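Trainee: with the input below, show me the fold.
(one chain, ligands or ions: 1)
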Amino acid sequence: MSIRIRAPGRVNLIGDHTDYTGGLVFPIAINRWTEIRGERSQRITLISEDEFGAVELATQPAPPQEATPAWGRYVAAVRNELAHRQNVDGISGTISTALPIGAGLSSSASLMVAIAIALGFDGSAVELAQLARRAEVAATGVPTGIMDQLCIVSATPGHATRIDCNDLTIDHVAVPEDVKIAVRFIAHRTLQGSEYSARVSECSQAEAEIGPLRLANLSDIEEITDLTVRSRARHVISENERVTTFAQALASNDYRAAGEIMVQSHHSLAHNFDVSTSTINAAVDELSRIPGVYGARMTGGGFGGCVVALCEPGVDIDAWIVSPVGGAQRFDDDTDDMN
Ligand code: GLA
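Mentor: From the prediction side, this is the model:
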């Protein structure tokens, strides 16, 4: 039987560095996918059109660090997580992706969701997202949140996914047709070795002093003694508010307001949370000044990656126009029915 799986990447419109404190996020799944094509087999044999070497693994769990080449760790980590809950199916196949790798568009979450489905994952969308997230943390050692995986598994065409990362509820919010989303690639980067983990710790420190940031107000942060930790909390609390006001602005077709909120978000990520770079800041400034661009911001974990902009249709801009697509899917025959 031939198996085909397609998992999209995502771009976050607003709500960054909020997911790991149970905050709000607002990503869209985008029309660039990771695909796996293959046949059922006794073992797991995968080659990648984009990465060197073949991954050859048994379906039984083993430490992911032992997998070679390096990208095989992702496959091994998914297999291990899957083996904790169910039988793991073998596959012999090929992975390809139209997502730039390590560019803040969730190439790795997209890959891991696709692998889990390829190995026969059987369960709910939320369970799939949680499994792929645990696997990513095991493979990379970076304590990332649930945003990317939940968006990738649950998105609906034409809609953004507003996710409450505390109770994992998802609202599908229509993205109006008369507004476009542009993505400009800035730089490849990896969150391994970045200050991502330090930001997660700083948020925990803030929560140890004032309780869950998702429930806190900006006035609460005055109690935080360390000024750096206070700034981190200021970002998270204000960013959660911005997700709500951005969603309202989009729903009422007030794109000018939505764009301004994106720019405020960028400033907070750059100055309160310190996860931007001078190149990203320059790109946000440049894009925001282009006629027909409502606003722009860094997107995802930062330290490189991409910038996202909200624009009028037909705007003259050096960036990819992306559109909101549905979540990861498996196709069990040779139809071309990939939405
Ligand atoms: C990365 C992580 C996500 C999230 C973003 C920042 O993409 O994988 O969980 O924390 O950074 O919003």
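
Trainee: so which bits of stretch 38-45 are buried?
Mentor: Judged by neighbour count (16 or more other C-beta atoms under 10 Å), stretch 38-45 contains these buried residues: Gly38, Ile44, Thr45. Glycine gets a C-beta too; all of them are placed from N, C-alpha and C.

Trainee: and for stretch 275-282?
Mentor: Buried residues in stretch 275-282, defined by neighbour count with 16+ other C-beta under 10 Å: Val275, Ser276, Thr277, Ile280, Asn281.

Trainee: tabulate the buried residues of stretch 38-45 (JSON lines), appending pLDDT, secondary structure and distance to the ligand.
Mentor: Shown next, in JSON lines, are those (pLDDT from 0 to 100; DSSP: H, G, I helix; E, B strand; the rest coil; distance: C-beta to the nearest ligand atom, whole Å):
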{"residue": "Gly38", "pLDDT": "97", "secondary structure": "strand", "distance to the ligand": "26"}
{"residue": "Ile44", "pLDDT": "97", "secondary structure": "strand", "distance to the ligand": "24"}
{"residue": "Thr45", "pLDDT": "97", "secondary structure": "strand", "distance to the ligand": "28"}
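
Trainee: need the residues you listed in TSV (columns: distance to Arg232).
Mentor: Output for these, formatted as TSV (distance: C-beta to C-beta, whole Å):
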residue	distance to Arg232
Gly38	43
Ile44	40
Thr45	44
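
Trainee: just checking, Ile317 touches Leu310?
Mentor: No - with contacts defined as C-beta atoms under 8 Å, Ile317 does not count as touching Leu310, sitting 11.1 Å away.

Trainee: which residues do those two both contact?
Mentor: Ala182, Val293 (C-beta atoms under 8 Å, 6 or more residues apart in numbering).

Trainee: please list all residues in contact with the residue most central in space within the chain.
Mentor: Among the residues of the chain, the smallest C-alpha distance to the mean C-alpha position (C-alpha atoms, centre = their mean) belongs to Asp148, namely 2.9 Å. Shown in contact with Asp148 (C-beta under 8 Å, 6+ apart): Arg10, Pro27, Ser106, Ala109, Ser110, Arg133.

Trainee: more neighbours: which of Ile317 and Leu310?
Mentor: Leu310 (27 against 20; other C-beta atoms under 10 Å).

Trainee: phi, psi of Leu13?
Mentor: Comment: the main-chain dihedrals of Leu13 come out as phi -80, psi -40, following degrees, to the nearest 10.

Trainee: can you classify the residue in the stretch 201-339 of the chain positioned nearest to the ligand as helix, strand or coil?
Mentor: At 3.2 Å from the ligand, Gly301 is the closest residue in the stretch 201-339 of the chain, using C-beta to the nearest ligand atom. When states are read from DSSP: H, G, I helix; E, B strand; the rest coil, the local structure at Gly301 comes out as coil.

Trainee: also within reach of the ligand: list those from the contacts of Asp148.
Mentor: Among these, none lies close to the ligand by the criterion of C-beta under 6 Å from any ligand atom.

Trainee: what is the most widely separated pair among these?
Mentor: Distance extremes for the contacts of Asp148: the farthest pair is Pro27 and Arg133 at 14.2 Å, using C-beta to C-beta.

Trainee: between these two, which is the more surrounded one?
Mentor: Pro27 (29 against 23).

Trainee: ok, now which ones touch the more buried one?
Mentor: Counting by C-beta under 8 Å, 6+ apart, the residues that Pro27 touches are Arg10, Val11, Asn12, Leu13, Gly15, Met147, Asp148, Cys151, Ala160, Thr161, Ile163.

Trainee: and it, what pLDDT?
Mentor: For Pro27, the pLDDT comes out at 98.

Trainee: show me what it bridges to in the sheet.
Mentor: Bridge pairing for Pro27 (DSSP bridges) gives the partners Asn12.

Trainee: kindly report the same for Ile44.
Mentor: Leu57, Ile91.

Trainee: for the one helix or strand His266 maps to, name the packing helices and strands.
Mentor: If you go by DSSP states H and E, His266 is part of helix 255-267. The helices and strands touching helix 255-267, judged by 3 or more C-beta pairs under 8 Å, 6 or more residues apart in numbering; DSSP states H and E, are helix 227-251, helix 278-289, strand 293-299, strand 305-311.

Trainee: could you dump those to TSV with distance to Arg184?
Mentor: Formatted as TSV, the helices and strands packed on helix 255-267 follow (distance: least, C-beta to C-beta, whole Å):
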stretch	distance to Arg184
helix 227-251	19
helix 278-289	6
strand 293-299	8
strand 305-311	5
